[in-house]
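Enquirer: turn this into a model:
(one chain, ligands or ions: 3)
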Amino acid sequence: MQIDADRLMHRLHQLGDSARNPEGVLSRLALSDEDKVGRELIVGWMEEADLTVSIDAIGNIFGTWGDGIAVQPLMIGSHIDSVVNAGIYDGCYGVLSGLAVIEALQEQGVEPAIPIVVAAFTNEEGNRYAPDMMGSLVHAGGLDLEQALNTKGVDGSILGEELQRIGFAGPMPVGTIKPRAYLELHIEQGPVLEVEGTSIGAVEDLQGISWQEITIKGVANHAGTTPTRLRHDAGLAAARINTFLRDQLASMSATTVATVGSIEYRPNVINVIPSQVILTVDLRDPDDARLKSAEAQFEEFVEELALQEAVTISIRRLARFEPVQFDSELVDAIEQAAEKRQLSCRRMTSGAGHDAQMMARICPAAMIFVPSKDGISHNPGEHTDVQSLLQGSTVLLDIARKLVAGRLLYR
Ligand code: GLV
Ligand code: MN
Ligand code: MN
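Expert: Ligands and ions are numbered 1, 2, ... in the order given. Predicted coordinates for the structure are as follows:
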């Protein structure tokens, strides 16, 4: 039994190309026009495969083979929204592989003992609306639907209004489908598998993620006439935050990583001391105690910095997710499936956030990784070769087949 590689690759490229601007840049921000086009492609492919398509109130798309509501199904999912200037694989590979797995089973005439649902969750990336992994978080009951719908985007839009506008505010109540197990296949987005020459990652845990937005208020003043000691320079304070994160937090720990990924200066001109800076801080660590300690050190530093630079600094929490342990039985099943296909496999931690971490709150969950060329992701250079993609989808197929045959049944 095998995955139709040509169809999988054709869809991956078609989905990727559907979100490119005239310059060829791919951005499929959550609930944008590009997201609408991508969602319509996914729904169309689900219908071609005779799946029952249901859309819930947060816009999550579910394609079910069999009666997925009456019987707890196996769910295979990921997301199709992207970061700004993205590659074609992040998320889309997982959703399209779920579909490819069902099609492979259908083509072999398999009669599944339990239904399979392919899920494409809303707003995994969190670039436009925080927090990230929002659709799966709402599905798992970790965020109130109304609160999610009222989220204001970085562009001032309201999530619920955008969901209505693109026609994906669905009638199904959130959390309706309660899977017995959840699997997510994804590119690694890091260098480990490629550097080691390993084909498959059996992901056993996922690190904690802390997102904060920092607003620094200083005083705009003349760049030539204001002596250094009299400045209230929001820009300088922002620079010190960035170097503190690297020099004091990330450099002092083998596992903590810290990123200032977004920064906005006001008034942002050459001869005016910045009056305001808004920046984001992404802090991660697989150990929650270390992540908490990094957050506490950061807060202490910010208080001290405000005094030293005579600025005011406020912190708004955008997201905070604890590290997650995946289901050991499923992780074992991934290792065994890889071994049966004679594919090298290693257990690993996910550095990236994924919908699986939210689904792990409500059912046994695990992830399969395949190598990323040069460890690059969230970048148009993101690449995984066809052979590796196919190996990942095949491992997913083998586990799904076992699950739907009732040989690895939860509950
Ligand atoms: C999701 O892609 C994340 O890890 O930020
Ligand atoms: Mn992803
Ligand atoms: Mn991503």
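Enquirer: start and end of stretch 351-360, how far apart?
Expert: In stretch 351-360, first residue to last residue: 16 Å (CA to CA, to the nearest Å).
Enquirer: what segments of the stretch 151-300 of the chain are helices?
Expert: Counting by DSSP state H, counting those that start in this stretch, the stretch 151-300 of the chain has helices at residues 159-165, 192-196, 234-244, 288-309.
Enquirer: in the sheet, who's paired with the residue nearest to Glu196 when sequence neighbours are not counted?
Expert: Excluding its sequence neighbours, the residue lying closest to Glu196 (CB to CB, 6 or more residues apart in numbering) is Arg346, at 6.9 Å. C-betas here are computed from N, CA, C, even on glycine. Taking DSSP bridges as the rule, Arg346 bridges to Gly201.
Enquirer: can you list the residues of this structure near ligand 1?
Expert: 125, 132, 352-353 (CB under 6 Å from any ligand atom).
Enquirer: including secondary structure and distance to Ser97, could these go into TSV?
Expert: Converted to TSV, those look like this (DSSP: H, G, I helix; E, B strand; the rest coil; distance: CB to CB, whole Å):
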residue	secondary structure	distance to Ser97
Glu125	coil	19
Asp132	coil	21
Ala352	coil	17
Gly353	coil	19
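Enquirer: and the residue of the stretch 151-300 of the chain found nearest ligand 2, what does it touch?
Expert: For the stretch 151-300 of the chain and ligand 2, the shortest gap (CB to the ion) falls at His186, measuring 5.8 Å. By CB atoms under 8 Å, 6 or more residues apart in numbering, the contact set of His186 is 78, 90-91, 93-94, 352, 354, 367-370.
Enquirer: run the last query once more with 7 Å
Expert: With contact taken as CB atoms under 7 Å, 6 or more residues apart in numbering, His186 is in contact with 78, 93-94, 354, 367, 369.
Enquirer: quick check: bridge partners of it?
Expert: Under DSSP bridges, the beta-bridge partners of His186 are Phe369.
Enquirer: hmm, back to that, turn the helices of the stretch 151-300 of the chain into TSV, including mean neighbour count and distance to Leu143.
Expert: Formatted as TSV, the helices of the stretch 151-300 of the chain follow (neighbours: other CB atoms under 10 Å; distance: least, CB to CB, whole Å):
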stretch	mean neighbour count	distance to Leu143
helix 159-165	19	11
helix 192-196	17	31
helix 234-244	20	28
helix 288-309	16	19
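Enquirer: and these: which comes nearest Val138?
Expert: In terms of CB to CB, the element of the helices of the stretch 151-300 of the chain nearest to Val138 is helix 159-165, at 10.6 Å.
Enquirer: mean confidence for the closest one?
Expert: Summarised as a single mean, pLDDT over helix 159-165 is 98.
Enquirer: mind exporting the C-alpha coordinates of that helix to CSV?
Expert: Written as CSV, here are the backbone C-alpha positions of helix 159-165 (Å, rounded to 0.1, in the frame of the first residue of the first chain):
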residue,chain,number,x,y,z
LEU,A,159,-10.7,37.7,13.7
GLY,A,160,-14.4,36.9,13.8
GLU,A,161,-15.2,39.5,11.2
GLU,A,162,-12.5,38.2,8.9
LEU,A,163,-13.7,34.6,9.4
GLN,A,164,-17.2,35.7,8.3
ARG,A,165,-15.8,37.7,5.4
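Enquirer: so which residues make contact with the one helix or strand Thr394 maps to?
Expert: For Thr394, the host element (DSSP states H and E) is helix 386-404. Here helix 386-404 makes contact (CB under 7 Å, 6+ apart) with 1-3, 5, 8-9, 74, 76, 93, 97, 100-101, 104-105, 112-114, 116, 181, 183, 185, 199-200, 333-334, 337-338, 340-341, 343, 368, 370-371, 408-409.
Enquirer: need the buried ones from those residues selected in PyMOL.
Expert: Selection of buried members from these for PyMOL, criterion 16 or more other CB atoms under 10 Å:
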select buried, resi 3+8+74+76+93+97+100+101+104+105+112+114+116+181+183+185+199+200+333+334+337+338+343+368+370+371+408
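Enquirer: out of the contacts of helix 386-404, which are inside strands?
Expert: 74, 76, 116, 181, 183, 185, 200, 368, 370 (DSSP state E).
Enquirer: list the buried residues of the helix holding Thr394.
Expert: 388-404.
Enquirer: ok, now stretch 18-33?
Expert: 19, 26-32.
Enquirer: between those residues, which sits nearest ligand 1?
Expert: Ala30 (12.0 Å; CB to the nearest ligand atom).
Enquirer: report the contact partners of that closest one.
Expert: 81, 122-123, 125, 128-129.
Enquirer: nearest spatial neighbour of Ala319, chain-adjacent residues omitted?
Expert: Looking at Ala319 with CB to CB, 6+ apart, the closest residue is Pro131, at 3.4 Å.
Enquirer: from memory that neighbour sits against Arg316, does it?
Expert: No - the criterion here is CB atoms under 7 Å, and Pro131 misses it with Arg316 at 11.9 Å.
Enquirer: the two: which is more packed in?
Expert: Pro131 (20 against 12; other CB atoms under 10 Å).
Enquirer: secondary structure class of the more buried one, three-state.
Expert: coil (DSSP: H, G, I helix; E, B strand; the rest coil).
Enquirer: what mean pLDDT does the helix or strand that Val138 is a member of have?
Expert: Using DSSP H and E, Val138 sits within helix 134-139. Regarding helix 134-139, the rounded mean pLDDT is 98.
Enquirer: low-confidence ranges in this structure?
Expert: 68-70, 406-411 (pLDDT under 70).
Enquirer: ligand 2 contacts on that one?
Expert: For the chain, the residues in contact with ligand 2 (CB under 5 Å from the ion) are 90-91.
Enquirer: at 6 Å what do you get?
Expert: 79, 90-91, 124, 186, 354 (CB under 6 Å from the ion).
Enquirer: out of those residues, who's the most crowded?
Expert: Going by other CB under 10 Å, His79 tops the residues of the chain next to ligand 2 with 30 neighbours.
Enquirer: just checking, that residue touches Glu124?
Expert: Yes - with contact defined as CB under 7 Å, His79 counts as touching Glu124 (3.4 Å).
Enquirer: quick check: neighbours shared by the two?
Expert: 91, 355.
Enquirer: thinking again about what came up before, let me have the contacts of His186 in JSON lines, extended by distance to Glu47.
Expert: JSON lines is the format used below for those (distance: CB to CB, whole Å):
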{"residue": "Ser78", "distance to Glu47": "19"}
{"residue": "Tyr93", "distance to Glu47": "21"}
{"residue": "Gly94", "distance to Glu47": "20"}
{"residue": "His354", "distance to Glu47": "26"}
{"residue": "Met367", "distance to Glu47": "27"}
{"residue": "Phe369", "distance to Glu47": "30"}
